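>>> All I have is the shape, not the residue letters:
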């Protein structure tokens, strides 16, 4: 069994009337893992490599290669490569940064949900135009680089299309700064804005975003503080977006040395899932802005927790 896809449960995301299914895909080591969304874009919730079962990916393998079922490690590369895309194929060979259990045949397990986001792509030197007819823009993902060989490929030599592991290290911050909270915006796809992540490769700017209702509320607390969300009687909390990290140099900066506020592309990948698990569907909740809750996405940086949410009828 080379690849197994299991539909697990339904989650309510971004729109209280829209049910989105969560899926788990298991792929044996050395094969291609495929994630896809019929509607919306991929949001990886967890990605691991190892072995926790003797039965999965065991056909033709000796017992010595399947005996260790206490073997697991996170694979952040799956988040980077697939978040914000409608379809994603990842070759598992060499995907993990190290071998979590030598001599054991491993498999990759990815849990993801399909977020109902809009997408836009602009080739190098083009413009991405984002617009919300009813609401405000909230950027989900952004990358200036190349993750496949077909997008923006017309008339380009093959040598400029081969690198499909090309990611700008700072794409999300400038796009968010330019567009978040607006009804429309445009972003120029050029290395003068985003830095060139792969010289010689023809790049494009890919963005996914939400249109948040105007009545969205927000909460912002500094690291070590607690965020408290409340809704009026008869309504419950619906989490729109969340980030534990830092995206600018001014928020929660008083009394902090420059070294602790310099990094402005800091995002805890589990922010939305952690906040939603504690608050979604409740009339009030509290979330601590701490590394013990979210893990530390950027060691040495003083972080803060930003949450946007709405109150919806039960």
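Happy to help now that I have it. This structure is a prediction, so every number in the text was calculated from the model and none was measured. Residues are numbered from 1 along each chain as shown.

>>> domain parsing for this protein?
3-115, 118-212, 217-313 (automatic domain parsing).

>>> With mean neighbour count as added columns, please give those domains in CSV.
For every residue, glycine as well, the C-beta is placed using N, CA and C. Below are the domains of the chain laid out as CSV (neighbours: other C-beta atoms under 10 Å):
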stretch, mean neighbour count
domain 3-115, 17
domain 118-212, 17
domain 217-313, 17
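
>>> for this structure, what are the low-confidence residue spans?
Within the chain, the stretches with pLDDT under 70 are 1-21, 214.

>>> The residue positioned nearest the centre of the chain - nearest residue in space that isn't next to it in sequence?
With distances taken as C-alpha atoms, centre = their mean, residue 83 lies nearest the centre of the chain, 4.6 Å away. Leaving aside its chain neighbours, residue 83 sits nearest to residue 141 (5.1 Å; criterion: C-beta to C-beta, 6 or more residues apart in numbering).

>>> Report whether the expected contact of that neighbour with residue 41 is present.
Yes - the pair residue 141 / residue 41 is scored as a contact, 7.5 Å apart, by C-beta atoms under 8 Å.

>>> which residues are common contacts for these two?
83-84, 208 (C-beta atoms under 8 Å, 6 or more residues apart in numbering).

>>> mind listing what residue 153 touches?
Contacts of residue 153 by C-beta under 8 Å, 6+ apart are 161, 202.

>>> Please identify which helix or strand holds it.
Using DSSP states H and E, residue 153 falls within no helix or strand.

>>> Distance of it relative to residue 35?
According to C-beta to C-beta, to the nearest Å, residue 153 and residue 35 sit 22 Å apart.

>>> Equivalent analysis for residue 241, please.
From residue 241 across to residue 35, the span is 21 Å (C-beta to C-beta).

>>> Repeat that for residue 249.
Separation of residue 249 from residue 35 (C-beta to C-beta) stands at 35 Å.

>>> before we move on, what about residue 65?
According to C-beta to C-beta, residue 65 stands 26 Å off from residue 35.

>>> With residue 82 instead?
Here the criterion is C-beta to C-beta. By it, residue 82 lies 5 Å from residue 35.

>>> go on, residue 240?
23 Å.

>>> contacting residues around the residue nearest to residue 213 when sequence neighbours are not counted?
Take residue 213 and drop its neighbours on the chain: the residue closest to it by C-beta to C-beta, 6+ apart is residue 135, 5.1 Å away. By C-beta under 8 Å, 6+ apart, the residues touching residue 135 are 183, 211-214.

>>> Is it correct that residue 294 is in contact with residue 273?
No - applying C-beta under 8 Å as the test, residue 294 and residue 273 come out as separate, 10.0 Å apart.

>>> Residue 248 contacts residue 263, correct?
No - applying C-beta under 8 Å, one finds residue 248 not in contact with residue 263, separated by 10.6 Å.

>>> Save the shared contacts of residue 141 and residue 41 as a markdown table, and put in secondary structure and distance to residue 167 too.
Below are the shared contacts of residue 141 and residue 41 laid out as a markdown table (DSSP: H, G, I helix; E, B strand; the rest coil; distance: C-beta to C-beta, whole Å):
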| residue | secondary structure | distance to residue 167 |
| --- | --- | --- |
| 83 | coil | 11 |
| 84 | coil | 11 |
| 208 | strand | 14 |
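
>>> Sounds good, over and out.
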